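[1] Sequence first, then the predicted structure, then my questions.
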Amino acid sequence: MRLAALGALLLAVYAATLTIRATSGERYAGDELHHLLAARSWVEDGDLDLANQYTERQWRAFSGRAVATSGTAVLGRLREPQGVGMPLAISPAYALGGARAVELAIAVLVALAFTLTAALARRLVPEPWATGGVLVAGLSPPALAAASAGGDNPATSTPPVAHGSGTTRRASAAVSVNASATSAAIASSTALAPPRA
């Protein structure tokens, strides 16, 4: 019951952060735009060649400013250096509801990751230290940013979760934040926990 409450609380807080813009006037920034374009290409075209996305200026669905490719042509196809792991990981959510669904999916995954971290911490330390340590880490500024942004590539290093101030940044940040939070929560709750009788 306490784990479900923790997960619900974290998800509610993360969902509230989804209204925060990445930059002034822009919903997405940095690598988020490139990841969203690649996910769109995968969902709509069945490929990761982004040449037609840039030619047709499909980035306008995500940004009011022009987005230049950071990729190069490889065997006649435009490939971006951000990789394909994140776009492939967010493609199912994108197919269901576009960029907003991706944001929500990342927030859900970050909340789930911290909830599972609490379950692991409970095996190592008694309550309330386990849940409290994870709650502190889960509500920290880096975790909040990770759950409300998208950027670097979390999906290629660990399960898709979240970083920074956008959608894919959220995902990559989520992964790195969760790994850091897990370590911090376990270390702090172990150090702070009273000795077992």
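    Nice, thanks for sending it over. What you see is a predicted model, and the numbers here were worked out from it, not measured in a lab.
[2] Go ahead and list the helix or strand containing the closest residue to Asp45 other than its chain neighbours.
    Using Cβ to Cβ, 6 or more residues apart in numbering and skipping the chain neighbours, the partner closest in space to Asp45 is Asn52 (7.0 Å). Every C-beta, even on glycine, is put in place using the N, C-alpha and C of the backbone. Using DSSP states H and E, Asn52 maps to helix 51-55.
[3] Check which helices and strands that helix sits against.
    helix 31-45, strand 77-79 (3 or more Cβ pairs under 8 Å, 6 or more residues apart in numbering; DSSP states H and E).
[4] Can you list the buried residues in the first one?
    In other words, helix 31-45. 31-43 (16 or more other Cβ atoms under 10 Å).
[5] The shortest one now?
    Under the neighbour-count criterion of 16+ other Cβ under 10 Å, strand 77-79 has Leu78, Arg79 buried.
[6] Each with direction, which strands does it pair with?
    strand 72-74 (antiparallel) (DSSP bridges).
[7] biggest helix in the protein by residues?
    helix 85-124 (DSSP state H).
[8] what angle sits between that one and helix 31-45?
    If you take axes from the mean of the first three to the mean of the last three Cα atoms, to 10 degrees, helix 85-124 sits at 110 degrees to helix 31-45.
[9] quick check: mean pLDDT across helix 85-124?
    Computed over helix 85-124, the mean pLDDT rounds to 92.
[10] for stretch 71-80, same thing?
    79.
[11] Pull the residues that contact it.
    Identification of contacts with stretch 71-80 by Cβ atoms under 8 Å, 6 or more residues apart in numbering yields His34, Ala38, Asp47, Leu48, Asp49, Leu50, Ala51, Tyr54, Thr69, Ser70, Pro81.
[12] Check the gap between Leu75 and Glu103 for me.
    33 Å (Cβ to Cβ, to the nearest Å).
[13] nearest spatial neighbour of Asn122, skipping sequence neighbours?
    If you look again at residue 122, you'll see it is Arg, not Asn. Counting by Cβ to Cβ, 6+ apart, the residue nearest Arg122 is Ala130, at 4.3 Å.
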